[in-house]
Every structure is written in C-alpha cells, then in structure tokens.
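Undergrad: Kindly return the folded structure for what I paste below:
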Amino acid sequence: MANWQCVKQCGACCNLDPAERPEIEDYLTPDELELYFSMVGEGGWCVNFDHTTRECRIYSTRPRFCRVEPDIFQDMYGIESEELNDFAIECCRQQIEGVYGDRSLEMLRFDKAVGM
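TA: Numbering: from 1, shown residues only. As a prediction, this is how the structure comes out:
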C-alpha cells in the first residue's frame, strides 16, 4: 500500500501558475486567493521557493493551502481523512507530471518514497 509523503527538494507544488489551476477560486477564500496570487513569481514559481536548494523559504509558516493535513483537505476540498492518502498521492503525481514530466527524476523519487 502506498503512503503519501512529501519528498524533499521536489518543489513541484511550488509551481503556482494560476493558468494550471483554473478552479482555484472554488477552494480558496478571497484573502487566501489574494495571498496566493501575491506568491506567484517568475514562470509561475512561488516567490518563496529557493531554486538553488529546491526548498521552501517559509516552510514552517507556509499558508494553509500549502499544507497537506486532514482538516485542511476536508475544509478546502471535502476530502475525508480516510481518503487523504490516495487523494494526496494523485495530486502530487499530477503536479509532478505537469511540472517535470511523467518519467522525471522527481516522479521516480516520489513513487519510490510513497511505495508505488
């Protein structure tokens, strides 16, 4: 059974390009939406993503929409906690594929980490 986990130095979720997330207004509050758009930098990448280290500069204080936690996913997407693992894995795989490709090192690292 696969178990979701964040893979350090991937950063696919830090690609915030709003064009890739047309439904974003459906699950963010107006204040969160404003914050989200303020975080989008060059090439759609989050302004807090360090491209050299491939890590988030504000990880410990990142916004709620950047967190994978049961209560947040329940509130934002209506995902029950028992569904979170599979949902998060699918979300990550889609995002990694869109940013890096389905045969990228990032996808291979993710699949290995989660046990796929």
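
Undergrad: From now on I want contacts and neighbour counts done on CA atoms only, so please keep to that.
TA: Will do.

Undergrad: what about C92, neighbour count?
TA: 20 (other Cα atoms under 10 Å).

Undergrad: Ok, the one 10 residues further on next?
TA: Residues near D102, counting by other Cα under 10 Å, number 15.

Undergrad: In which helix or strand does it reside?
TA: Following DSSP states H and E, one finds D102 outside all helices and strands.

Undergrad: Name the nearest residue to it, sequence neighbours excluded.
TA: I96 (7.3 Å; Cα to Cα, 6 or more residues apart in numbering).

Undergrad: Work out which residue lies at the spatial centre of this structure.
TA: C13 (3.2 Å; Cα atoms, centre = their mean).

Undergrad: Verify the contact between M76 and L28 for me.
TA: Yes: M76 is within contact range of L28, at 7.1 Å (criterion: Cα atoms under 8 Å).

Undergrad: re earlier: surely the residue nearest to the centre of the chain is in contact with E97?
TA: No: with contact defined as Cα under 8 Å, C13 and E97 do not form a contacting pair (10.9 Å).

Undergrad: need the strands for the chain, in chain order.
TA: Under the criterion DSSP state E, strands of the chain are mapped to 49-50, 55-56.

Undergrad: and Q95, what is it in contact with?
TA: A12, C13 (Cα atoms under 8 Å, 6 or more residues apart in numbering).

Undergrad: Not counting sequence-adjacent ones, nearest residue to the residue nearest to the centre of the chain?
TA: Q95 (6.5 Å).

Undergrad: can you pull the pLDDT of that neighbour?
TA: Note on Q95: pLDDT of 95.

Undergrad: what about E97, how many neighbours?
TA: 16.

Undergrad: I'd like the distance between the residue nearest to C13 and C10.
TA: Relative to C10, Q95 is positioned 11 Å away (Cα to Cα, to the nearest Å).

Undergrad: Please identify which of the strands of the chain is closest to G115.
TA: G115 lies closest to strand 55-56 among those, at 22.5 Å (Cα to Cα).

Undergrad: does G44 really touch E20, like I thought?
TA: No: here G44 lies out of contact with E20, judged by Cα under 8 Å, at a distance of 9.3 Å.
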